[in-house]
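In: Give me a 3D structure for the following:
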Amino acid sequence: RKRFSALRVLSLPPKGKRHAMAAGIRMARGEIIVFVDSDTFLLKDALLQIVCGFEDPTLGASAGYTGVENSTTNMLTGMQEVRYYVSNRLLKSSESIFGCVTCCPGCMSAYRRTYVLEILDTWLHQTFMGLPATFGDDRSLTNFILRKYRVIYNDRAIASTLVPETWGHYMRQQLRWKKSWLRETWIASGFMYRKHPI
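Out: Prediction:
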């Protein structure tokens, strides 16, 4: 606290990640909001790099590059490093050409606060097939921003994250991610075709 006197810490009831993110967004006063997961490590200039591009008012969000911090632990973590590399360097960079990155990961991403405030309550209380959406918060928020604004990938904003080291942990994570991928891809199909191809 002495070093960062303006730092504010919230103590929240256990309502889930989405409610915690919303509380932080409401407290924020800056123009750009940056999200970083608790198991993520940022390179020294990551925050400086992730905000690049926001001088363009059509930009709503930016995703950074995430590597695997514990890639040498075992074969499973090593395989995930390859997956993260492909996901970032091939998929996100390709989507970024069209300003349509489909997921700004929780590891490190930035959003223009005024654009998030436009959809905050709708996103916070999102339902799917009549049930509250309680997973896939990052992909969902990206989808809401994509409806009206550009979303890019910035490979100079670099972080690393801890990935699952056991198959059980990995399978539970992937089940959550795949459920959100199916839901949000279905939702995106309703508006993505209207995006200009160039």
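In: contacts and neighbour counts: CA atoms only from here.
Out: Noted.
In: Longest strand of the protein, counting residues only.
Out: For the chain, the strand with the greatest residue count under DSSP state E is strand 150-161.
In: now the strands for the protein?
Out: Taking DSSP E as the test, the strands found in the chain are 32-36, 40-42, 59-68, 108-112, 127-128, 131-132, 150-161.
In: roughly how far out does the longest strand of the chain sit from the chain middle?
Out: Computed by C-alpha atoms, centre = their mean, to the nearest Å, the chain-centroid distance of strand 150-161 equals 10 Å.
In: go on, stretch 170-185?
Out: 14 Å.
In: Name the residues that touch that stretch?
Out: With C-alpha atoms under 8 Å, 6 or more residues apart in numbering as the test, stretch 170-185 has contacts from 128, 135, 136, 139, 140, 143, 163, 164.
In: repeat that with 6 Å
Out: The contact list for stretch 170-185 (C-alpha atoms under 6 Å, 6 or more residues apart in numbering) reads 136, 164.
In: CA atoms of that stretch as CSV?
Out: The C-alpha coordinates for stretch 170-185 follow below in CSV (Å, rounded to 0.1, in the frame of the first residue of the first chain):
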residue,chain,number,x,y,z
TYR,A,170,-7.0,-29.9,-17.5
MET,A,171,-10.2,-31.7,-18.5
ARG,A,172,-12.3,-29.6,-16.1
GLN,A,173,-10.9,-26.4,-17.5
GLN,A,174,-11.4,-27.5,-21.1
LEU,A,175,-15.0,-28.5,-20.5
ARG,A,176,-15.7,-25.0,-19.2
TRP,A,177,-13.9,-23.4,-22.1
LYS,A,178,-15.7,-25.6,-24.7
LYS,A,179,-19.1,-24.9,-23.3
SER,A,180,-18.5,-21.2,-23.5
TRP,A,181,-17.0,-21.6,-27.0
LEU,A,182,-20.2,-23.3,-28.2
ARG,A,183,-22.5,-20.8,-26.6
GLU,A,184,-20.6,-17.7,-27.7
THR,A,185,-20.0,-19.0,-31.2
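In: give the contact list for residue 39.
Out: So residue 39 contacts 161, 162 (C-alpha under 6 Å, 6+ apart).
In: returning to what we had before: please tabulate the strands of the chain in a markdown table, including the columns distance to residue 120.
Out: Output for those, formatted as a markdown table (distance: least, C-alpha to C-alpha, whole Å):
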| stretch | distance to residue 120 |
| --- | --- |
| strand 32-36 | 13 |
| strand 40-42 | 24 |
| strand 59-68 | 14 |
| strand 108-112 | 12 |
| strand 127-128 | 14 |
| strand 131-132 | 15 |
| strand 150-161 | 17 |
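In: Would you convert the ones you listed into a markdown table that also reports mean neighbour count?
Out: Formatted as a markdown table, the strands of the chain follow (neighbours: other C-alpha atoms under 10 Å):
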| stretch | mean neighbour count |
| --- | --- |
| strand 32-36 | 19 |
| strand 40-42 | 18 |
| strand 59-68 | 26 |
| strand 108-112 | 25 |
| strand 127-128 | 12 |
| strand 131-132 | 10 |
| strand 150-161 | 22 |
